[in-house]
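K.L.:
Model the structure of this input:
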Amino acid sequence: MPWPKGIKRSPATIQKLRRPCTTGRFRRHGRVYKPNHHFADYAGYVQEHRLVVEEQWNCCLLPWADVHHRDEDIQNNVWYNLWPMMRAQHSSLEILDKDKV
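P.N.:
Numbers count the residues shown, from 1 in each chain. Modelled structure (predicted):
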């Protein structure tokens with residue numbers, strides 16, 4: 001259900017919008033519901049690729065770290081497709097990839 005920008009959602013409305021996925025996590029637009037995570041937004045969601053990297057590498061990503069999708073498919077969040085790197089490295093990698101095309 002689309003919402004106009006600027007309208008606040010009540011906790012009851014947010015609860016109704018959550019849909020469980022097959023893995024037992026609540027998933028929405030590439031984000032996973034984990035309200036106690038340090039990168040959780042106001043609704044309690046975290047980007048799934050950041051969670052996958054943190055679980056696989058057993059680490060805590062810093063705010064200035066990015067996750068690169070090796071195959072350029074942002075929906076593919078399999079652990080071997082994700083590279084954690086600093087934001088500057090990620091930006092330069094993206095620029096080099098665009099120059100090759």
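
K.L.:
C-alpha from now on. contacts and neighbour counts both.
P.N.:
Noted.

K.L.:
The closest residue to His69 other than its chain neighbours: how many residues sit nearby?
P.N.:
Leaving aside its sequence neighbours, His69 sits nearest to Leu82 (Cα to Cα, 6 or more residues apart in numbering; 4.9 Å). Using other Cα atoms under 10 Å, Leu82 has 21 neighbouring residues.

K.L.:
just checking, what packs against the strand or helix carrying Arg50?
P.N.:
Taking DSSP states H and E as the definition, Arg50 sits inside helix 48-57. If contacts are counted by 3 or more Cα pairs under 8 Å, 6 or more residues apart in numbering; DSSP states H and E, helix 48-57 sits against strand 65-69, strand 82-86.

K.L.:
Note down every partner strand of the first one and its orientation.
P.N.:
I take that to be strand 65-69. strand 82-86 (antiparallel) (DSSP bridges).

K.L.:
looking at it, Asp66 is touching Leu93, isn't it?
P.N.:
No: contact criterion Cα atoms under 8 Å: Asp66 and Leu93 do not qualify, at 11.6 Å.

K.L.:
which of these two has more neighbours?
P.N.:
Asp66 (20 against 13).

K.L.:
Report the contact partners of that one.
P.N.:
Pro84, Met85, Met86, Arg87, His90 (Cα atoms under 8 Å, 6 or more residues apart in numbering).

K.L.:
Looking at those, which is nearest Arg50?
P.N.:
Pro84 (8.6 Å; Cα to Cα).

K.L.:
Can you tell me who the closest one pairs with across the strands?
P.N.:
Beta-bridge partners of Pro84, as defined by DSSP bridges: Val67.

K.L.:
Can you give me the distance of it to Arg31?
P.N.:
Distance, Pro84 to Arg31, using Cα to Cα, to the nearest Å: 17 Å.
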